[in-house]
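[1] Quick check, what structure comes out for this input:
(one chain, ligands or ions: 2)
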Amino acid sequence: MSGQEKSWKELMFAAVSPKPSTDFLTGDWKTFKPVYDEEKCVGCLQCAMLCPEGAIIWNATAGKVEFNFDYCKGCGICANECRVKAISMSMPDKEE
Ligand code: SF4
Ligand code: SF4
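    Numbering: from 1, shown residues only. Ligands and ions are numbered 1, 2, ... in the order given. Predicted coordinates:
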């Protein structure tokens, strides 16, 4: 059987994304949006490490985390994992 297998060069094209993953703005998916309480944050970066979209960035100058809402899909993992409850999830206004 192995003698009849095709190499990757001989395989047909399958599903190929028409654009890079960075062009898929997963922020369009969200229903809930994280709300950040800077006063409670202790800067542990657990939220940034666990965000599946890499949408949380540490701003060293400001000493706080920032959210990239183009990619935040509203999953709520950051809010769930923050041990000091510095992030909560809210339903944004439809106009936002
Ligand atoms: S997990 Fe909570 S305390 Fe830690 S950096 Fe994120 S918001 Fe701040
Ligand atoms: S809600 Fe989900 S996607 Fe958005 S910042 Fe939190 S962990 Fe990341």
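[2] Only C-alpha atoms from now on, for both contacts and neighbour counts.
    Fine.
[3] Could you say which helix or strand holds residue 78?
    For residue 78, the element it lies in under DSSP states H and E is helix 77-81.
[4] now swap in residue 16 and tell me
    Secondary-structure assignment from DSSP H and E places residue 16 in no helical or strand segment.
[5] Name the residues of stretch 51-58 that come out as buried.
    51, 53, 55, 56, 57 (16 or more other CA atoms under 10 Å).
[6] And the contacts of it?
    45, 47-48, 64-69, 71-73, 77-78 (CA atoms under 8 Å, 6 or more residues apart in numbering).
[7] what's the farthest-apart pair in the buried residues of stretch 51-58?
    Checked with CA to CA, those reach their widest spread between 53 and 57, with 10.9 Å between them.
[8] so what pLDDT did the residue nearest in space to the middle of the chain get?
    Centroid-nearest residue in the chain: residue 53, 1.9 Å away (criterion: CA atoms, centre = their mean). For residue 53, the pLDDT comes out at 93.
[9] mind pulling up the phi and psi values for it?
    Residue 53 adopts backbone torsions of phi -110, psi 0, taken as degrees, to the nearest 10.
[10] residue boundaries of the strands in this protein?
    Counting by DSSP state E, the chain has these strands, from start to end: 33-36, 56-59, 64-67, 87-90.
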